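Undergrad: Just the structure for this:
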Amino acid sequence: MPRRRKPDSAELIRRLVAVKVMVASMKDAMPAAARELRRQAGESIDDIIEDLR
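TA: Presented below is the predicted three-dimensional model:
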C-alpha cells in the first residue's frame, strides 16, 4: 500500500481555517446543531494532527 503524502502548508492552513469557521458558526447554532459541529470540528482536528505525524 503506498504511503500517504504529507500535506503542504497551504493545504493545512485551508483545513484549519475551515475548522475555525465551523467553530465560529457554533455560536449561533441550536444545541443539537452545535453538538454536531463540535463533533465534526474535533474529527477534523484529529485528521489534521494525524496527517502531521
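
Undergrad: any idea of the pLDDT on the residue most central in space within the chain?
TA: In the chain, the residue lying closest to the centroid (Cα atoms, centre = their mean) is residue 44, at 2.8 Å. Listed pLDDT for residue 44 reads 90.

Undergrad: Please name the nearest non-neighbouring residue to it.
TA: residue 19 (4.8 Å; Cβ to Cβ, 6 or more residues apart in numbering). C-beta here means a position set from N, CA and C on the backbone, and glycine is covered the same way.

Undergrad: which strands and helices sit next to the host helix or strand of that neighbour?
TA: According to DSSP states H and E, residue 19 maps onto helix 9-25. The helices and strands touching helix 9-25, judged by 3 or more Cβ pairs under 8 Å, 6 or more residues apart in numbering; DSSP states H and E, are helix 31-52.

Undergrad: now what about the helix it packs on, what contacts it?
TA: Residues outside helix 31-52 that contact it (Cβ atoms under 8 Å, 6 or more residues apart in numbering) are 4, 6-7, 12, 15-16, 18-19, 22-23, 25-26, 29.
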